[in-house]
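Enquirer: here is a sequence together with a model predicted from it:
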Amino acid sequence: MADSSRDLLQGTLDLLILRTLAGETPMHGWGIAQTIKSTSRDMLQVNQGSLYPALHRLERKGLIASSWGASENNRSAKFYRLTAAGRRQLGNEEQAWRQYTFAVGLVLQSR
Amino acid sequence: MRRLTEFLQVVRALVRRRRLESELDRELAFHVEMEARALGQTGSVTAEAARREAQRTFGNVTRVREQVRDARGVTPFDDFGRDLRVAARALRRTPGFTAAVTLTLALGIGATTAIFGVFRTVLLAPLPYPDADRLVTVWQETSANGNLPSGRDWFSPANYLDYAEQVKSFERLTTMQPYSVDHIWPDGPEEIEVWRAGQEFFGMMGVRPLLGRALVADDFRGTGAKVLVVTEGFWRRRLGAANDAIGRVLSTDDGPMTIVGVMPARFELAGGRQGWMPWVMDEDDRTERGGTYAAVVGRLRDGVTVVAAQGEADAIAARLAAAHPRVNPGLAFTVQGLHDMLVINERPILRLLFGSVLALLLIACINVAGLMLTRAIGREQEYAIRVSLGAGRNRVARHVATEALVLSALGGLGALGVAAAAMPLLRALAPADFLRIDEVRLDPWVMLFCALVTIGVAVAASLIPAVRLVQPDMHRRLTGMQRTSTRTRATRLAQHALASAQVAIALALLVGVSLLGRSLVSLLSVDRGFRTDNVLTMSVQAWGYYRTGLERIEFVRQAVERLSAIPGVAAAGMTSSLPLADEIGANDAGYEVVGRPVGGDGVPRARTAAVTAGFFDALGVRLRAGRSFTAADDPRGPAVVIINEELARRAFGGENPIGKQLSVSFMGRPVTREIVGIVGNVRHRGLDEEPRPSLYLPHAQVGGGAIWFTVRSTGEVATVMGQVREAMRQINPAMPIEIAGTLEGFLGESLRQRRFQLAMVLVFAGLALVLAAVGTYGVMSHEAMQRTREFAVRIALGATRHDVTGLMLWDGGRVALFGLVAGTLGAIALSTALTGSLYGVSARDPLSFSAAAGVLVAVALVASYLPARRAARTNAVDAMRGE
């Protein structure tokens, strides 16, 4: 396991998944995990034990939808995409996250 | 909206569970494959090694799968399903326990459901009339009434007319009177018993006819054709349920009669009769104030209560009593709801039955709770281990509850079966005239009741063990694993209390049965004043054929002569009023002792019958003094009367009544008659009737009243039946004769309600006794098992097997003793409620109480002796080593 792996804050994984799916192309689970890993420069590694429950939880809440399709290596895979509700949710959570980090930053800078 | 989507997703997940599971497997497999490919592409490892590495980093697939399932939100359902499966498996492993609980519940709940079905249909369901709660009936009574045990009688027509004129509480008020017409069918003549009803009757009830029309205003003008509305039963039996029955004309002794309508069977008010004709009162009716033959029904105005109507009736009765003191002494009217009137016999029986069956249900519940408790104790270690391995207490408690749920579901289903089987049985056992018993069904209400009781029982039965499991001393039970005696003192007490409670309830029911049984026995052995063996009875409607009194007297003389001449007939006679067969209001007369002023209570009345001498012989009515009637007591001879002992006692005290004169008003003007004989008291209306004053007049001097022939044969009545019919046919082939049955049969019918009540309570008490015995046995066996080690130690230390058995018996005896004390209190309450149904036995009858107590002590001792003996036989060394 890479040393950079961190326990993601509760709820952060949901935000990352939603953000990753914000592009128009549907992605499968492995692809999502890879994207998060690479865009975070390998600093964030998503544990499969959290990823799939999170995907199914988001699907249950109607924030993402899934369909089966052919993968890049021509295997059948389950692809996820953002729903309209998911897009709205993403907007809300992004803003909340920015406020949160900004606030934490202010506290850390005060000396 | 969000919630709804989520909910639908969960439902989808549940419904398509299998597909989703396989999809998840594929999804996860795909992930592993991609991971492996990525590792393989780096080129440093073989494909096989890459796959293994990918699988390793992925971690526990099953756990991921479970987490996903959690995320989908189906876990609670899964858990429940698993609980169900586990419970079912556990119950299958202990078939004895499962069968015992299911059977107990099925019997207890099933019996309760069946009785509730009757209770609901008869007492709770409204009568099938619009605004049925406003329908009432009104009775009259006078202090001189010597006829009716309840003191309630129909109105006299003149009193009714005055009441109807003055009363304001009613929207409509009407009256009816029993009547009959004769018709000759191809298979012989029949007396068709009907009502003559007032004009308001059908409009007031508001029930539409099945066919044709009800009686209308035109029918009461008396100008058109005579019309008849018949019951559905008559229409089916006699008119072949034909649609063209309307308009059919029956020729009767009362002239041709057109059938204009058929009333449906649920129109209850036929009272065993076949139909309705218009009643237009004639002058004789209008002036009749003494004879009581008008039944009164009415519909109260909206908003007027029965109490208010009663208040008004009291005032009117007081005025009528003052206006006619001789015929209306102490006149009182009683307003009664129609439903209350119709169920007057059924209500107390049903209350008793419902009470008894609830007691039975309670025993069943206690029994099941005891069984569950015992089972829970036996499984405590199992649960303790589960808890210590991480199962939440709630989870374990849910386990217990699920088991109780499965058991009660089984029991509830069984109960429906028991109820479905019991209902036809109830219908067959119940007296024929039991109101609406035919309508009793397993309808949705009854099933709902069954379901609610089942759920209630499930909750109650799972509560005791579940509470115990959540107790905090779990670890102690775990450390106590090596020993069997993990029972706490409290548990043992609870078990004993449950057994005692069963004994107590069973005692109350047994006392009830014993009291009812002894009542029936005393009734059957009471001196009824007449014999019923081999007495055939027969009613004829002679009025249409012999219009004058003299013609009827001659007819009766001839008939009795012919009947007496039949070989095998010991005695034959005639009466206008047959014991055990009379209707309300019939055969009542006022009497005064000549030369003595009337007392303040007005003219006393006595039950009165016109008879021939053969009547006393056929029924074995004993002559106490004087003489019976002779052929000389005819219209030309001096007017005579025979009185019974009760009348002699009331009117003459110590004096000798023979030769004294009575003025008797029977069907017309008062006639002064000389008392020529005294006969014994006859329990005319039923065996539980107290002696009432009675008058017997020679039929040859009266010529009126109904005609019943009574024929006593030397052998079975069947041997003379054919000849009796033939003899009557010879006198008049057109006249209908109705073989009413044997007096023995009437007697049986009069006791049928008591027998029904007794039979039902007997069944409940029997079941209760069995359940209590099984329950006590269960507790005692468990006790013996738990104490095996203790007994072994005692025996090793020198106690004899006898001592050990004694210990157990003492335990069982104590359980019984507590039960008896509590049960005696319950039995006293029950028997007090029963007082009205008892005859010749006190509600505190010591014999009943001690017999019931004896039975229960015996049962408790046997139930403790069997396990005690087993426990005492255990080899001490084995018992201690086995631990």
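Expert: Okay, I see it.

Enquirer: so, low pLDDT: which residues of chain A?
Expert: Where chain A drops to pLDDT under 70, the residues are A:1-10, A:111.

Enquirer: correction: the stretch 751-883 of chain B
Expert: Along the stretch 751-883 of chain B, segments meeting pLDDT under 70 span B:876-883.

Enquirer: can you pull out the helices in it?
Expert: Applying DSSP state H, counting those that start in this stretch to the stretch 751-883 of chain B gives helices spanning B:752-786, B:788-796, B:801-834, B:846-873, B:876-881.

Enquirer: so what does the second one touch, helix or strand wise?
Expert: Read it as helix B:788-796. Other elements packing on helix B:788-796 under the criterion 3 or more C-beta pairs under 8 Å, 6 or more residues apart in numbering or on different chains; DSSP states H and E are helix B:801-834, helix B:846-873, helix B:876-881. Every C-beta, even on glycine, is put in place using the N, C-alpha and C of the backbone.

Enquirer: buried ones in the first one?
Expert: Within helix B:801-834, the residues that qualify as buried by neighbour count (16 or more other C-beta atoms under 10 Å in any protein chain shown) are B:801, B:804-805, B:807-809, B:811-812, B:815-816, B:818-820, B:822-824, B:826-827, B:830-831, B:834.

Enquirer: so the longest helix anywhere in chain A, near chain B or not?
Expert: Selection of the longest helix in chain A by residue count, based on DSSP state H, yields helix A:84-109. Yes. Helix A:84-109 lies within reach of chain B by C-beta under 8 Å from any C-beta of the partner chain, at A:A85.

Enquirer: and that helix, what does it pack against?
Expert: For helix A:84-109, the contact count by 3+ C-beta pairs under 8 Å, 6+ apart identifies helix A:12-20 as packing neighbours.

Enquirer: up against chain B, what does chain A have?
Expert: A:1, A:28-30, A:33-34, A:47-49, A:52-54, A:56-57, A:59-62, A:68, A:71, A:73, A:75-78, A:85.

Enquirer: one more time with 7 Å
Expert: Contacts of chain A with chain B, taken as C-beta under 7 Å from any C-beta of the partner chain, map to A:28-30, A:48-49, A:52-53, A:56-57, A:60-62, A:75, A:77-78.

Enquirer: which of the three states applies to B:M538?
Expert: Three-state call for B:M538 (DSSP: H, G, I helix; E, B strand; the rest coil): strand.

Enquirer: since we're on it, how many residues are nearby?
Expert: For B:M538, the count of nearby residues is 23 (other C-beta atoms under 10 Å in any protein chain shown).

Enquirer: do the same with A:E24
Expert: Neighbour count for A:E24, taken as other C-beta under 10 Å: 7.

Enquirer: what do you get for the one 5 residues further on?
Expert: Other residues within reach of A:G29 by the criterion other C-beta under 10 Å amount to 24.

Enquirer: and B:T548, by the same measure?
Expert: Residues near B:T548, counting by other C-beta under 10 Å, number 9.

Enquirer: for the one 4 residues further on, same thing?
Expert: When neighbours are counted by other C-beta under 10 Å, B:R552 registers 22.

Enquirer: the residue nearest to it when sequence neighbours are not counted and chain A: what is the separation?
Expert: Closest residue in space to B:R552, ignoring its immediate chain neighbours: B:Y546 at 4.5 Å, by C-beta to C-beta, 6 or more residues apart in numbering or on different chains. Distance, B:Y546 to chain A, using C-beta to the nearest C-beta, to the nearest Å: 94 Å.

Enquirer: secondary structure element holding B:Y546?
Expert: Counting by DSSP states H and E, no helix or strand carries B:Y546.

Enquirer: now do B:M257
Expert: Using DSSP H and E, B:M257 maps to strand B:255-263.

Enquirer: in that strand, which residues are buried?
Expert: For strand B:255-263, burial by neighbour count (16+ other C-beta under 10 Å) applies to B:257-263.

Enquirer: again, but for stretch B:313-320
Expert: Going by neighbour count (16+ other C-beta under 10 Å), the buried part of stretch B:313-320 is B:313, B:316-317, B:320.

Enquirer: between the buried residues of strand B:255-263, which is closest to chain A?
Expert: The nearest member of those to chain A, counting by C-beta to the nearest C-beta, is B:M263 at 63.2 Å.

Enquirer: what's near enough to touch residue 23?
Expert: All of this is about chain A. If you count contacts by C-beta atoms under 7 Å, 6 or more residues apart in numbering or on different chains, A:G23 has none.

Enquirer: to clarify, I was referring to chain B.
Expert: A:K78.

Enquirer: quick check: it vs B:P691, distance?
Expert: 91 Å (C-beta to C-beta, to the nearest Å).

Enquirer: cheers, nothing more for now.
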